[in-house]
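[1] okay, predicted coordinates and the sequence, questions at the end:
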Amino acid sequence: MRQVVIYPGEDGYWVVECPSLPGCVSQGKTKEEAITNIKEAIELYIETLKEDQLPVPKEQFDTMVVAV
């Protein structure tokens with residue numbers, strides 16, 4: 001299980017990223033498509049780390065909303 005952040009991009013697509021996996025970012029025309037795409041991106045990211053015998057970063061569930 002991985003935490004993701006989803007937000008509207010400037011081009012009208014939804015951008016989604018996985019903070020615990022640096023550089024693991026995807027997008028989609030809808031939120032649902034973006035979530036489907038990030039799931040695939042996370043699976044491939046972790047698979048590649050394992051193939052390269054690199055450690056898989058642990059997930060962190062520490063979030064905060066800051067009002068400005």
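    Done, it's in.
[2] hey, C-alpha coordinates of stretch 14-24 in CSV?
    Provided in CSV are the C-alpha atoms of stretch 14-24 (Å, rounded to 0.1, in the frame of the first residue of the first chain):
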residue,chain,number,x,y,z
TRP,A,14,-4.9,15.0,-13.2
VAL,A,15,-1.3,14.6,-11.8
VAL,A,16,-0.6,11.9,-9.2
GLU,A,17,2.6,11.2,-7.4
CYS,A,18,3.9,8.8,-4.8
PRO,A,19,6.0,10.7,-2.3
SER,A,20,7.7,7.6,-0.9
LEU,A,21,9.1,6.7,-4.3
PRO,A,22,11.0,9.7,-5.6
GLY,A,23,10.2,10.5,-9.2
CYS,A,24,7.2,8.2,-9.4
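[3] the closest residue to L21 other than its chain neighbours - how many residues pack around it?
    The shortest distance from L21 to any non-neighbouring residue, by C-beta to C-beta, 6 or more residues apart in numbering, is to Y45 (5.1 Å). For every residue, glycine as well, the C-beta is placed using N, CA and C. Other residues near Y45 number 19, with proximity taken as other C-beta atoms under 10 Å.
[4] and I6, by the same measure?
    15.
[5] so the residue nearest to L21, which of the three states?
    The three-state label for Y45, taken from DSSP: H, G, I helix; E, B strand; the rest coil, comes out as helix.
[6] how far away is the nearest residue to Q60 once chain neighbours are set aside from K31?
    Nearest residue to Q60, sequence neighbours excluded (C-beta to C-beta, 6+ apart): S20, at 5.8 Å. Distance, S20 to K31, by C-beta to C-beta, to the nearest Å: 20 Å.
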